[in-house]
Structures are given as C-alpha cells and as structure tokens.
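Asker: Fold the stuff below for me.
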Amino acid sequence: MTDKSANPRKGNLFSAVARFGERRALAMLLLGFSSGLPFLLVFDTLSIWMRDAGVTLSAISFFSIATLAYSFKFLWAPVVDRTTIPVLTRLVGHRRGWMLVVQALIALGLWSISVGDPGQSLMAMVLAAVCVGFAGATQDVVVDAWRIEVSDEETQGVMAAAYQYGFRAAQITAGALPLVLAEIYNWNLSYAVMAGLMALGAAGALLAPREKKHTVRPIPDEGVSQPLPLQIVEWLVRLAVLVIGALVLGSALTGKVDFGAGLLRGVGLLSEGAEKGLIEAWGGPYGVWLQLSAALVGLVVIALSVLPLPGRKTRPGVYLSEAFIAPLMAFWRNHAGMAGLILALICVYRLPDFVLNITGPFFSDLGFDKIQIAEARKLWGVIGTSVGVFLGAVSVARLGILRTLVIGSFAGPLSNLGFIWLAGQGTDFTQFAVINSIDNAASGFAGTALIAYMSSLTSIGFTAVQYALFSSLYGLPGRLVATQSGRIVEGSAHAAEEGGATAPLRMLFTDMPVGALASGAEKTGVSAASLAAGYTTFFLYSAVVGVFAVVLAFMVARRTRAAEARGGEAAAG
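Answerer: Take a look at the predicted model:
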C-alpha cells in the first residue's frame, strides 16, 4: 500500500468535492444502485409477496439460500478475474463486459419472478431468486474490482461514497416502491418494474470509463501430465468438497443452520437426530461458539478443496492454487510483517456498528411508536449516513486513507455512547433523532474509510479475489458477535435488578421520565432503571469492542508510515 497520509493532497475543499461530478463517480452512483437492488428484492421484499400468497413461514425461510451467494462470493471471484467474455471484453473491456452480462441475468431473473405465481410455481420462483442472488453477488465482485482499478488514491473515498449513495438509494427503492406498486396494482407488475430498473445499471456500465488493460496471470502448469478422466474425477471431488465447505461457512455467516444441515442430511452426512440436535444447539446459549466453529471448519474445508495434492502436481491443483492461494500470497508478500495485523483490523473495524442489531427494540422500549422510529431511522438516519459518507470521502481526498482510517476507528465507539444518554431521556423525539443521526453519520464515515482502505490493499491481477475476500472477512466477526446482543441486555438487566455487578448503573437513571422503558421493562420482568442499566452495559460493551479497532488502526498507520519511509530511503539510495 502506498498511502499519502503523511503528505496528504494539497488541493482545496472545492477540488475534493468537485470529484463527485466526474464521469466515473456518476457511473459509480448508477452501479451502486444496480448492486443494491437485487439483494433486498430476493431477501426481504419477496418474502412479503410469499406471505401474501399464503406460503408458510418455513417455506419462505428457504429463500434465504438466494442470499448465501453474497456470503461466499469470493469462491468464484477468480473466475471473474481470469475469464473473458467473448466479444464484449474486446468491445467494452473486461470489467464492463462482465457487468453487462450479470446485469442481464439479474433482470432476467427478476422478470422470471414477475411472471410467476407463488401458489402455483414456488420452486420455479426459488430457482429464479437463486439466480438473482448469484448474479447479484457476482455483480458486486465486478463492480468493486472496476471501482478499484479506475481510481487513484485521492478518489478512492469519493468512489466509495458514490457507491454507498447509489446502494442506499436502491435499498430504499427496493424496500418501498414494490410494496406501493403491489398495493395499487399487483406483485407481478411490481417485480417487472424492478427488472426494468436494472437498465440503470447497464447505463452505468456503459457510462463507466474503461479500466486499464486487464492482466490475466498465466497458470504455471508446464510439465503437468494428467489423463483427462483423472482430471474430471479430481475436479468433481474438489467441487463437492468446496460446496460442503461453502454450506458450512454460509450457515455460519447467515446464522441459518437449518438449510445447510438439511442438505448435509440429504447427502447422508448427517442423521435426522444429529440434524435436530444441531439446530437446537445452534439456538442455545453456546450457539455463538458453534457459529464460530462452523466458520472455521468451513474455511478449512474450502482451503482443503483448493490446495495442491501432497507430493503430486495435478492440473486442477495447479489451477486452484493459482486462483485462490496466489492472491493471498501476493497480499502477504506486499504487506510483509503487517499482513496479520491488517486482517485483524479489517475484522474488528466495524464491530461497534455490527453489534447494534437491537437498536430497533431499544427505541420501541423507550416508548417511541413505529412512525417515530421510521422517521428517525429512514429520514434523519439516512441524512446522517449521507453526511458521514460525504465527510469520509472528503477526508480521504484531503487527509489520506490512513488518517481517515484512524479517525473512523473512533467514530463507532464514541457514537454508541450517545445511546446511554438517550436511555434516560424518555420519548423526546428531537433528542432521539439527533442521537440516531450522529450514530448513522459516524457509521457512514467509518464505512467509507474502510472501503477506501481495503481497496488500497489489492494487487493488479488479483483485484476481484482479494477485495471479495476482504469484504467477506470484515463482516464475519460482527455477524457472530451480534447474536449475543439481546442476551447481554437481558442478563445485565436481571443482574442489576438482583443487586449484581451492574446494579450501580441504576443510579444513573433515578430521575427517568415517567413511562420511559416501561413496556420493555414489563416484558423483561425488571424495573425500568434495571433495563436502562442493561442497555447501558450493552452500549458500553459495544464501545469497548471498538477500542481494539482504535489500537490496531494506530499500529497499522505507524507501521505503514515506517515501511514507506524505509522504501523512500531505499529508492533515494
């Protein structure tokens, strides 16, 4: 990495803001919209249509397989890096050719859903949703790779911001417009319109500047002699092992063990009793450790599927080793002495945000109604996020990636502390909107900083694979840790009620407004002050986990500057 944080860009604020009007930033806005549209349509909105049609909840949960592709998109990222699209690659470039193909597949999949009927052709709709999920995850890989390859260091923040603006606009569109159209007309028209909106993505791909000449690294398979039948057998075995590892990892990342366990039982790897026991244990008090273990097992199994055979050079082994292991080794070489530290930073950087998966119940417990919560989160929260993303982009352009990364590491922990103050304020909407907006602004700033930093870590020829690995990695710990949020609140609240370790926190809430946290306290079986103490414990915990990111950010920044200084001295000598 060659960060300019020691010598940040000298342009004025206007020049930094003007970058948002560049062609590549406008294209990024459209491509961000195209990336954000498919996920919510097959994960959330489609489930509402299914329920309206009378589909059972267990059948609806089956649709979660459509989103598993987003959890392990790095598995086929090498294909995106290495495979050219006939004709299109020559006409529009490697990345843009891939964009147009996967966007067409997404549109086709959404159209197939729009002409279906969940009461008559549920399985066909499942297959179409899986197609949309797979193509949508692939589009993310391609768009991220293009964004990195057409950006210089000063524009990484602006491009990350433009992507997030487009993505969030798509999330709002996919979450609201289909429901309105379905209410006024019908669900079929609603999804047909969504398929048509993918034209915005195609427009973004055509508007996007062509990336620099794409480099496909050759596979060093000279001297490898293996009969074709043995190659086919080895490919099939490796693919089977890879799929099993992906299912285990996907179950860990999504927290949904039932689908993966069901498939493993279907192929004879689990008995019916073992499947039921696993599902029950997954939802038990030690479920987080099972998730963590499953994630590690899944990664190990995937690694085994791509490693060369011991003492023997085979064509599948050579190909997979070059596709998966070479990008990791390149990263390790380029960041010698810091690679482990960098990966640790990526893993924990957004933890303070990821663990906040119970703010909705917290707002409800405070006494705010659904309309107030929606206004604070969807209006003021979106404004706050937009401001944070913008400030993050400007900071990258003016201060450099490393300084922005360090500043962003403080954003999550400090903003989470605001919720402690909010816990004792009752139902003052202005205070609620302000605290929520500040938290969203901090999240937007930190998100932009991390995207820009991860983008700066990639190597030419491995862009898609490396960034897909980074983006999958940074969400893993958060998904696992977030499963314990509710238990921390309830356990701390009961401990405070019974005079335990968190009891002193009750003194912070002796003058709470009447009715504050009353409904939540009744549901939890404690007093309002004890529940406030429980939430306070949780928000303190969410801030403390962010301290690890602060420490790691300083360490990475210091070592990176030292490495740059040594490189500069060597070049001068």
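
Asker: okay, CA-based contacts and neighbour counts for the rest of this
Answerer: Fine.

Asker: got any ranges where the chain has weak pLDDT?
Answerer: For the chain, the stretches flagged by pLDDT under 70 are 1-16, 57-68, 221-223, 253-269, 282-288, 476, 479-480, 482-483, 567-573.

Asker: Strands of that one, start to end?
Answerer: Applying DSSP state E to the chain gives no strands.

Asker: Skipping adjacent residues, who's closest to the residue positioned nearest the centre of it in space?
Answerer: Nearest to the geometric centre of the chain sits residue 475, at 5.6 Å (CA atoms, centre = their mean). Ranked by CA to CA, 6 or more residues apart in numbering and with sequence neighbours excluded, the top spatial neighbour of residue 475 is residue 347, at 6.9 Å.

Asker: And the one you found, how close does it get to residue 471?
Answerer: When distance is defined by CA to CA, to the nearest Å, residue 347 is 9 Å away from residue 471.

Asker: more neighbours, the two?
Answerer: residue 471 (23 against 20; other CA atoms under 10 Å).

Asker: residues contacting the more buried one?
Answerer: Going by CA atoms under 8 Å, 6 or more residues apart in numbering, residue 471 touches no other residue.

Asker: And residue 141, by the same measure?
Answerer: Residue 141 makes contact with 73-74, 77, 80, 464, 467-468 under the criterion CA under 8 Å, 6+ apart.

Asker: now swap in residue 103 and tell me
Answerer: Residue 103 neighbours (CA under 8 Å, 6+ apart): 34, 135-136, 139, 198, 201-202.

Asker: cutoff 7 Å now
Answerer: Shown in contact with residue 103 (CA atoms under 7 Å, 6 or more residues apart in numbering): 198, 201-202.

Asker: Also residue 382?
Answerer: Applying CA under 7 Å, 6+ apart, no residues qualify as near residue 382.

Asker: circling back to that earlier point, so which of the contacts of residue 103 are in helices?
Answerer: 201-202 (DSSP state H).

Asker: So how do I select the buried members of the contacts of residue 103 in PyMOL?
Answerer: A single PyMOL command selects the buried members of the contacts of residue 103 (16 or more other CA atoms under 10 Å):
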select buried, resi 198+201+202
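
Asker: ok, the contacts of residue 103 vs residue 551, which is closest?
Answerer: The closest of the contacts of residue 103 to residue 551 turns out to be residue 201 (CA to CA; 39.3 Å).

Asker: what number of residues lie near the closest residue to that closest one other than its chain neighbours?
Answerer: The shortest distance from residue 201 to any non-neighbouring residue, by CA to CA, 6+ apart, is to residue 34 (4.7 Å). If you count neighbours by other CA under 10 Å, residue 34 ends up with 31.

Asker: Residue 34 contacts residue 198, doesn't it?
Answerer: Yes - taking CA atoms under 7 Å as the definition, residue 34 is a contact partner of residue 198 at 6.1 Å.

Asker: I'd like to know how many residues surround the residue nearest to residue 301 when sequence neighbours are not counted.
Answerer: Once flanking residues are discounted, residue 301 sits nearest to residue 245: 4.9 Å by CA to CA, 6+ apart. When neighbours are counted by other CA under 10 Å, residue 245 registers 24.

Asker: Now do the contacts for residue 245.
Answerer: 298-299, 301-302.

Asker: Highest neighbour count among those residues?
Answerer: That'd be residue 298 among the contacts of residue 245, by other CA under 10 Å, with 24 neighbours.

Asker: so that residue touches residue 242, yeah?
Answerer: No - using CA under 7 Å, residue 298 makes no contact with residue 242, being 9.0 Å away.

Asker: Would you mind measuring the gap between the ends of stretch 421-428?
Answerer: Termini of stretch 421-428 sit 12 Å apart (CA to CA).

Asker: outside of it, which residues touch it?
Answerer: 366-368, 432, 509, 512-513, 516, 532.

Asker: of those, buried ones?
Answerer: Of the contacts of stretch 421-428, these count as buried by 16+ other CA under 10 Å: 366-368, 432, 509, 512, 516, 532.

Asker: what's the closest non-adjacent residue to residue 365?
Answerer: residue 520 (4.5 Å).

Asker: so how far is residue 535 from the one you found?
Answerer: Distance of residue 520 to residue 535, given as CA to CA: 11 Å.

Asker: before we move on, what about residue 252?
Answerer: In terms of CA to CA, residue 252 sits 26 Å off from residue 535.

Asker: Give me the helices and strands touching the lengthiest helix in the chain, please.
Answerer: In the chain, with assignment by DSSP H, the single longest helix is helix 528-572. With contacts defined as 3 or more CA pairs under 7 Å, 6 or more residues apart in numbering; DSSP states H and E, helix 528-572 has these neighbours: helix 339-348, helix 351-354, helix 401-423, helix 485-497, helix 518-524.
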